[in-house]
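Q: quick one: sequence plus predicted model below, questions after.
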Amino acid sequence: QVQLVESGGGLVQAGDSLRLSCGASGLTFSANTMGWFRQAPGKKREFVAAITWTGQITLYTDSVEGRFTISRNNAENTVYLQMNSLKSEDTAVYYCAAVYLRTAQSMEGGEVEYWGQGTQVTVSS
């Protein structure tokens, strides 16, 4: 079965950096657009970033543009989210997501086939 396993979350200070990783198995990783969503307490899950299966196209929500970078390694079936200049409002559970042969905009619009279990990111001010 498909598994997406996130790691790298934790407690950091505002201004610090973290790198999240998501290892995928049970799917054709190189044919999946991969992405990250997050959910803060009391809020809906929201799109953060996506990267198409070739890695050529990336898409970010406005609030993280310029601070976060999504990347992938198709040889290792892993997608990353480098988060710099973290703010308290970035505090959330971060979820890895996958969808087969869809655009990054499709994922932004909510087209997701598989989810990871989530990893907590807490930014203290």
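A: Looks like it came in fine.

Q: could you use CA atoms for every contact and neighbour count after this?
A: Noted.

Q: just the helices in the protein please.
A: For the chain, the helices defined by DSSP state H cover 104-108.

Q: pLDDT below threshold where in it?
A: By pLDDT under 70, the chain has no low-scoring segment.

Q: who touches the residue located most distally from the centre of it in this structure?
A: Farthest-out residue of the chain from its mean C-alpha position, per CA atoms, centre = their mean: residue 125, at 22.6 Å. Listed by CA atoms under 8 Å, 6 or more residues apart in numbering, the contact set of residue 125 reads 13, 14, 87, 88.

Q: name the nearest residue to the residue nearest to the spatial centre of the chain, ignoring sequence neighbours.
A: Residue closest to the average C-alpha location in the chain (CA atoms, centre = their mean): residue 36, at 2.1 Å. What sits nearest to residue 36 in space, not counting adjacent residues and going by CA to CA, 6 or more residues apart in numbering, is residue 96, at 4.7 Å.

Q: just checking, that neighbour touches residue 33?
A: No. Using CA atoms under 8 Å, residue 96 is not in contact with residue 33; the gap is 10.9 Å.

Q: who has more neighbours, these two?
A: The residue with more neighbours, out of residue 96 and residue 33, is residue 96; 31 against 27, by other CA atoms under 10 Å.

Q: separation between the closest residue to residue 40 other than its chain neighbours and residue 42?
A: Excluding the flanking residues, the one nearest residue 40 by CA to CA, 6+ apart is residue 92, at 4.2 Å. Taking CA to CA, to the nearest Å as the measure, residue 92 falls 10 Å from residue 42.

Q: how far out from the middle of the chain is stretch 116-125?
A: 11 Å (CA atoms, centre = their mean, to the nearest Å).

Q: stretch 3-23 too?
A: On CA atoms, centre = their mean, the centre of stretch 3-23 falls 9 Å from that of its chain.

Q: how about stretch 24-31?
A: Centre-to-centre, stretch 24-31 and its host chain are 15 Å apart (CA atoms, centre = their mean).

Q: need the contact partners of it.
A: Contacting residues not belonging to stretch 24-31 are listed as 1, 2, 3, 4, 5, 53, 54, 74, 77, 78, 100, 101 [CA under 8 Å, 6+ apart].
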